[in-house]
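Undergrad: Model the structure of this input:
(2 chains)
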There are 2 protein chains.
Amino acid sequence: MPPTDTFPTEALIRAAEAALHNDPAVLLQYGRSPGYLPLRELLGGWYGVGPDQVLVGNSSLEIVDFIARTKLGPGRRAFVESPSYDRTITTFRRVGAEVIGIPLLEDGVDLEAMERALKAGPPALFYTVSDFQNPMGVTTSLAKRQQIAAWAKQYGFWVVEDAPYRRLRYWGEDVPTLYSLAPEHVFHLSSFSKTLAPGLRLGYAVATPQAIAELAAFAVDTYIGPVLPSQGIVFEYCRAGLLEPNIEALKVLYGPRLKATYAALAQSMPRATWSHPEGGFFVGVTLPEGADMADLMPKAADAGVKLSDGRGFYPNPADGNRFLRIPFCSVTPDDIFAGIARLAELL
Amino acid sequence: MPPTDTFPTEALIRAAEAALHNDPAVLLQYGRSPGYLPLRELLGGWYGVGPDQVLVGNSSLEIVDFIARTKLGPGRRAFVESPSYDRTITTFRRVGAEVIGIPLLEDGVDLEAMERALKAGPPALFYTVSDFQNPMGVTTSLAKRQQIAAWAKQYGFWVVEDAPYRRLRYWGEDVPTLYSLAPEHVFHLSSFSKTLAPGLRLGYAVATPQAIAELAAFAVDTYIGPVLPSQGIVFEYCRAGLLEPNIEALKVLYGPRLKATYAALAQSMPRATWSHPEGGFFVGVTLPEGADMADLMPKAADAGVKLSDGRGFYPNPADGNRFLRIPFCSVTPDDIFAGIARLAELL
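TA: Okay, here's the model as predicted:
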């Protein structure tokens, strides 16, 4: 979770006033998916597309569910990074899909493993968090993105590029999105949960007009239209020019916490290895040989350190037995040093 | 749709200010289904239950979808009234369920037909809009509710009681809810779409603690938590004592429109028959023999009268060939007389 004290409450109150004052007849009435037109126009502008290529929904996770329900099903295959976002794995399995994990390396998935999996049977879709991955923190390199885009065209599968952390780069250079490399084959997803406030549940998809129309038709059958006042709030907040300064302030807060995480790991866990993200929310740690999450979880809880079970992020849970996700954004550097030192003692 | 000018915009702006001012750390942060605790406590109070028996989501239609996904599936049967809410039929069929229509009479479903259907194979659930039904307008009598409640217990099926119109009674007396008659076997659903503003997408379910917990677990896997600021807005709006006066004002507006509908039908369509609701949004009309929606729809459109195709409300569309749903709430009495007279000429 992002730290609660980063939420720009007063600015959001003013945005709510502006939204409901300016457009009550739309924001309070039944609307239909794909969502609030002014916000879709604004978001489309970020990607150089029209509003017919943008769907705004009640969380990007639910958009993943809509994609799963329309593109997957029993007997269909979904490729995910291994490890991947645990909730996505649940979503795919819930619709009966076969989830195939492709091992994730420091610069994106293992291409040889992906090629073998493609030859064994192409998937309906490949889900990737290409920037500052959850849970590993790694960013897929341009070369790997190009290969994945080429395969998407060759084998005819969809890439679901989930990019909620992309704007939170603390140093280094952006890599082009998969969407920019294969716009006909990619659902680019993002949200305001990490850049503004997650309680808004404001997620969106960018894709071809036809793919968005199909997704919107499914969404209409699910809930008619998304919750609209929050879409108005985010529209007015962005229109007032407040989002970019908010993101800059978050970077100033989170960047030093990422650096503290690296320093603490180097100091306390020299035998572990870890990813080296330049942004996002997470550092992925592989604990030294002999470590075991099943053993560590209760000991850490007793020592006052809350851990996510690394095994939950892997399609094959045993693969995550030494995997630790460190979420550094809500923790001060002092607490990062203290927490990692305490974990190191337990190891 | 409710008339746009009924939305209490200024009061909702003040409620938004109050909500985000009072509880930003909860309303802007990740929450989890079943939703915002203060609102669940308030709604539970209406039904005499605790917050563990209330789930608040992003529209009651989506809650129907959650129920369908957890209780129905290929090979399972769902009973619905015939006619029924068209979107529910879509939702049930989308998960592979077999939808069985039970003919709807002026006082609820035909019990003999329901008994035959039960004996042929009990359903996983029975979906009913028991008050001021959509699209027929009829209210299920107490005697029929008691029989349905008894069958739910005897055959072990769920009743999904969708009650968004219940509070909009313009005359006559409330009938006890199915939920009050069989609380262990009923999901009682309602929303603020008809009593406040549909753009909020504020729907909720009341059921046993276990049924709500199961539904909430499914919702967490779908979107983690619902959109929260709108839940805060509705909580503050209700807490300020504004909902009851709003409902009273709506009754003052809508009641005469319902009476005008009856007068216009009697005047212009004496050969048709119609339901006699004492509230809600709709009067259901059976057009005279020889009428045909397929023929009437384009003629009405040419004459400037928008119709919903009556066939869409029936599990077996041909059954709705003479069925007309008249939504009277957004239309002034003058327009009701003019519209029905114009339709009568076409017939």
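Undergrad: Report how many residues lie close to the residue nearest to residue A:168 when sequence neighbours are not counted.
TA: Excluding the flanking residues, the one nearest residue A:168 by Cβ to Cβ, 6 or more residues apart in numbering or on different chains is residue A:279, at 4.9 Å. Bear in mind the C-beta positions are built from the backbone N, C-alpha and C, glycine included. Neighbour count of residue A:279, defined by other Cβ atoms under 10 Å in any protein chain shown: 21.
Undergrad: Please apply the same query to the one 4 residues further on.
TA: Counted with other Cβ under 10 Å, residues neighbouring residue A:283 total 25.
Undergrad: any idea how far the residue nearest to residue A:168 lies from chain B?
TA: According to Cβ to the nearest Cβ, to the nearest Å, residue A:279 stands 20 Å off from chain B.
Undergrad: How about the residues of the stretch 201-347 of chain A by chain B?
TA: Within the stretch 201-347 of chain A, the positions adjacent to chain B are A:201, A:221-230, A:233 by Cβ under 8 Å from any Cβ of the partner chain.
Undergrad: Could you list which of the residues you listed belong to strands?
TA: Among these, no member falls in strands (criterion: DSSP state E).
Undergrad: List buried residues within the residues you listed.
TA: A:201, A:221-230, A:233 (16 or more other Cβ atoms under 10 Å in any protein chain shown).
Undergrad: Point out where the stretch 51-200 of chain A drops to low pLDDT.
TA: Across the stretch 51-200 of chain A, nothing is flagged by pLDDT under 70.
Undergrad: That one: strands as residue ranges?
TA: Under the criterion DSSP state E, counting those that start in this stretch, the stretch 51-200 of chain A contains strands at A:54-58, A:77-82, A:98-105, A:108-109, A:125-128, A:158-162, A:186-191.
Undergrad: With only the CA atoms kept, save the longest one in CSV.
TA: What that stands for is strand A:98-105. Coordinates of each C-alpha in strand A:98-105 appear next as CSV, following Å, rounded to 0.1, in the frame of the first residue of the first chain:
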residue,chain,number,x,y,z
GLU,A,98,-3.9,-23.1,-17.7
VAL,A,99,-1.3,-20.7,-16.2
ILE,A,100,2.2,-21.2,-17.5
GLY,A,101,5.1,-19.5,-15.7
ILE,A,102,8.0,-18.2,-17.7
PRO,A,103,11.1,-17.7,-15.4
LEU,A,104,11.8,-14.0,-14.9
LEU,A,105,15.4,-12.8,-15.1
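Undergrad: I'd like to know which of the strands of the stretch 51-200 of chain A lies nearest to chain B.
TA: Closest approach to chain B among the strands of the stretch 51-200 of chain A (Cβ to the nearest Cβ): strand A:54-58, 4.9 Å.
Undergrad: which residue packs closest to residue A:115, ignoring adjacent ones?
TA: If the residues on either side of it in the chain are set aside, residue A:115 comes closest to residue A:151, at 7.9 Å by Cβ to Cβ, 6+ apart.
Undergrad: how close does that neighbour sit to residue A:259?
TA: Distance of residue A:151 to residue A:259, computed by Cβ to Cβ, to the nearest Å: 36 Å.
Undergrad: Between the two, which is the more surrounded one?
TA: Taking neighbours as other Cβ under 10 Å, residue A:151 and residue A:259 compare with residue A:151 leading, 20 against 15.
Undergrad: Help me confirm that that one comes into contact with residue A:118.
TA: Yes. Taking Cβ atoms under 8 Å as the definition, residue A:151 is a contact partner of residue A:118 at 6.2 Å.
Undergrad: And chain A, what are its domain boundaries?
TA: What the record gives for chain A is the domain set A:4-239, A:248-346, from automatic domain parsing.
Undergrad: Could you identify which of the ones you listed is most buried?
TA: Mean neighbours per residue, mean count of other Cβ atoms under 10 Å in any protein chain shown, is largest over those for domain A:4-239, with a mean of 21.
Undergrad: Surely the residue nearest to residue A:168 touches residue A:169?
TA: Yes. Applying Cβ under 8 Å as the test, residue A:279 and residue A:169 come out as touching, 3.8 Å apart.
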